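Trainee: Below is the sequence, then the predicted model.
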Amino acid sequence: MSATRWLLEVRRLKKSFPIRRGWNRKVVGAVAAVDDVSFTIREGETLGLVGESGCGKTTTARCILRAMAPTSGEILFRAADGRVVDLAPLSRAELRPLRPQIQMVFQDPFGSLNPRMTIFDNVGEPLLVNGLRDRRARLERVADLLELTGLRPEHMHRFPHAFSGGQRQRIGIARALATEPRLVVADEPVSALDVSVQAQVLNLLLELQQRLHLTLLFVAHDLAVVKHISDRVAVMYVGQLVELATAEAIFRHPRHPYTAALMRAVPVPDPHAPSGDVALAGEVANPANPPAGCYFHPRCPFTIEACRTEAPPLREIEAGHFVRCHRADELVLAGVGAEPARGAHGVVDSRGSQREDV
Amino acid sequence: MTTPVLRVNDLRVHFFLDEGLVRAVDGVSFEVHPGQVVGIVGESGCGKSVTMKAILQIVEPPGRIVGGQILFQKDSGAAIDLTRLSPKGAELRAIRGAEIALIPQEPMAAFSPVHSVGEQIIEALTLHERQWRPRGPRLSRAEARSMTVDLFRSVGISMPAERIDAYSWQLSGGLRQRAMIAMALSCRPRILIADEPTTAVDVTTQAQILNLLRDLQRQHGTAIVFITHDLGVIAQMARYVVVMYLGRVMEQGAVEEIFHAPKHPYTRALLKSIPSMNVPPRTLLPTIAGSIPHPLGRPRGCPFHPRCPDAIPGVCAERVPALRPIGSTQLASCFLYNRDEASEP
């Protein structure tokens, strides 16, 4: 794994929003939506970015897409020509040639397609914008893309309203892939879909990724979904990264109490499973006024004096396993089992080869 | 067996749109016993929310209840058919909120933003006073206020005396939903309808709210109709489960049977297709082919047959299977378990 080079390296990313009050909209403070976040994504890898609402996962994704300018920090991207570019300080004009290489899949398949444009126009738009003026070539490319995402090319002259939520999400994926991006940022791509359709779209993303050797930043709040798609998982809490490790490691042995609590809070679809009697107390801290010390300490069952006063740094506790907790060495936290629970499923490993599960 | 507190019998709610007829609920039957938690689960368009609205008689036009009964067992022992009552009549208004209460999905939209949450609960208490307290002196304002503080405390809101004067938009999502639960429980209803009560909150808050509902249910013995699309939530909350698809009940039964011995191909496929935390990372999921049909393009016969791996050629596409018992508490509407019915001309 370490042999593959990184495609994206985020270093000490910060994004704060001003808080304005009064008739003259005076700035009275700032919310650090993203607070000193660092991680890398390797080529061909899926990084799952997970956390509850307000944790900064979407803001992180938007900064990487440069849909907004970060307050500070670096976003190093290895461009197609091999150059390493810092996206953070670039202007609109400077970003333009890089845009086709970083694409996005949106959450809401009903809001993200132009209802007045046909599927051909919706999917073909990024091609047109990036200079593919020949309509016939575009038709061909869109047909290929639709086929790739499991849609029927002959439907490309229909309008979005003729498609179901799952089909629209496939269209959104086709559009994101149109410019052959090196990095795809998917922000909650399946959370608006029904369960029976969600599985199809997750499988499609897994398959496309191995076929096209895509690199994926997958932002979601649903841990089970994240587990199904990610090689590595990053957990955020109140703007900070609290844990980062391989999916295997983080689910089997979470090292941060928040990660463990988040896993336990997910209701298990089995009436015999113990119900979440160990629910986390309190609510997510206010990012405009975070608690002193570790942001998680008021809700943490393992708080000691140091947690109240000193902010723990993000440190590497094992090779490739990062955690922001004073007590990570001594705590033994329960994860969730990795043994296959139901039937034989196919498994896609990070190399992209598919094998049958035992 | 106890007498059910609510019996929904062959309920049909249709929407008369310009584009055509949408049969949102098309022959739904189930029972709710006192103190039981019944989960209604299904994907979008399955009619779970419309069923809930029909029970409360708040189906909006062009929707209309076109058939069936909703029998509500009064304290006095008489059963009344809610579908026969005028939606705006005094009799139904006395039931709604007092005997059958609702926890809506989005408490932000359900609370008035210009009245404090406490004020709204006091209003409910005053309005339904004769339902929850048939005898005794009229409720004084001070008494209503102290009852509201107690309610807030019972749903785990800290600093209840201060919080009742807050407006809904000043509360966090979790607190707002707790306040909504306090309001729903204020008149000691016999049935609580919870319509996706945790869909709008985060997962750690969801765990708290579910715990709270479980505790309150044990304490008060209120029957709960729990509507959700989340099978995990259903497994943790319900004793009895009704699985719906396109306006019909596919299967119903005790929660153990539904999750450990599902009979209907839809239930089986649905359970397999949910992402689980218990499989290795990067596992392909078994899927259900196709997508949920458009409400106007409802398939003939069994609504699930175009996506069903076990569909019987010439049968499932032609006729609609009836809900029949299989086993002790389980019922399924599927020709696979009813070969006799399937082979009838």
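Mentor: That came in fine, so what should we check first?
Trainee: where along chain B do the helices fall?
Mentor: Taking DSSP state H as the test, the helices found in chain B are B:48-56, B:90-95, B:107-110, B:117-127, B:129-132, B:141-154, B:160-163, B:173-185, B:203-220, B:231-237, B:255-260, B:265-273, B:339-343.
Trainee: same deal with the stretch 151-300 of chain A?
Mentor: A:165-177, A:195-212, A:223-229, A:247-252, A:257-265 (DSSP state H, counting those that start in this stretch).
Trainee: A:M104: what's its closest spatial neighbour, skipping adjacent residues?
Mentor: Excluding the flanking residues, the one nearest A:M104 by Cβ to Cβ, 6 or more residues apart in numbering or on different chains is A:V185, at 4.9 Å. Where you see a C-beta, it was placed from the backbone N, CA and C, and this is true even at glycine.
Trainee: Do I have it right that that neighbour meets A:L217?
Mentor: Yes. Contact criterion Cβ atoms under 8 Å: A:V185 and A:L217 qualify, at 4.7 Å.
Trainee: about what we covered before: for B:P286, find the nearest of the helices of the stretch 151-300 of chain A.
Mentor: B:P286 lies closest, by Cβ to Cβ, to one member of the helices of the stretch 151-300 of chain A: helix A:195-212, at 7.2 Å.
Trainee: so what does that closest one touch, helix or strand wise?
Mentor: helix A:165-177, strand A:215-220, helix A:223-229, strand A:346-348, helix B:265-273 (3 or more Cβ pairs under 8 Å, 6 or more residues apart in numbering or on different chains; DSSP states H and E).
Trainee: Pull out the buried positions in it.
Mentor: Residues A:195-210 are the ones in helix A:195-212 that count as buried (16 or more other Cβ atoms under 10 Å in any protein chain shown).
Trainee: from these, which has minimum pLDDT?
Mentor: For the buried residues of helix A:195-212, the model is least confident at A:S196; its pLDDT is 80.
Trainee: residues touching it, list them.
Mentor: Residues in contact with A:S196 (Cβ atoms under 8 Å, 6 or more residues apart in numbering or on different chains) are B:E43, B:A269, B:L270, B:S273, B:T287, B:I288, B:S291, B:I292, B:R307.
Trainee: Hmm, which of these is lowest in pLDDT?
Mentor: Note: of those, the lowest pLDDT belongs to B:S291, at 79.
Trainee: my guess is it meets A:A199, correct?
Mentor: No. Using Cβ under 8 Å, B:S291 is not in contact with A:A199, being 11.5 Å away.
Trainee: shared neighbours of these two, which are they?
Mentor: In terms of Cβ under 8 Å, 6+ apart, B:S291 and A:A199 are not both contacted by any residue.
Trainee: Grab the nearest non-local neighbour of residue 310.
Mentor: This is for chain A. Closest residue in space to A:E310, ignoring its immediate chain neighbours: A:G293 at 5.7 Å, by Cβ to Cβ, 6+ apart.
Trainee: Chain B was what I was after
Mentor: Nearest non-adjacent residue to B:D310, counting by Cβ to Cβ, 6+ apart: B:P265, 4.9 Å away.
Trainee: Burial check on that neighbour, number of neighbours?
Mentor: The burial count assigned to B:P265 is 23, neighbours taken as other Cβ atoms under 10 Å in any protein chain shown.
Trainee: so what's the nearest residue to B:C46 once chain neighbours are set aside up against?
Mentor: Counting by Cβ to Cβ, 6+ apart, the nearest residue to B:C46 once its immediate chain neighbours are dropped is B:M244, at 4.1 Å. Residues in contact with B:M244 (Cβ under 8 Å, 6+ apart) are B:V28, B:I40, B:V41, B:G42, B:C46, B:G47, B:K48, B:T51, B:M250.
Trainee: where's B:M244 relative to chain A, distance?
Mentor: Distance, B:M244 to chain A, by Cβ to the nearest Cβ, to the nearest Å: 13 Å.
Trainee: ok, so what distance separates that residue from A:D222?
Mentor: 23 Å (Cβ to Cβ, to the nearest Å).
Trainee: okay, A:D357: pLDDT?
Mentor: 33.
Trainee: Kindly report the same for B:E344.
Mentor: Value for B:E344, per-residue pLDDT: 65.
Trainee: B:P134 - how many residues pack around it?
Mentor: As a burial measure, B:P134 scores 8 neighbours (other Cβ under 10 Å).
Trainee: Oh, that last question was meant for A:R264, not what I typed.
Mentor: As a burial measure, A:R264 scores 23 neighbours (other Cβ under 10 Å).
Trainee: my read: it touches A:A334, true?
Mentor: Yes. Between A:R264 and A:A334 there is a contact under Cβ under 8 Å: 7.4 Å.
Trainee: so where is chain A shaky, pLDDT-wise?
Mentor: Counting by pLDDT under 70, chain A has low-confidence residues at A:1-3, A:274-279, A:337-358.
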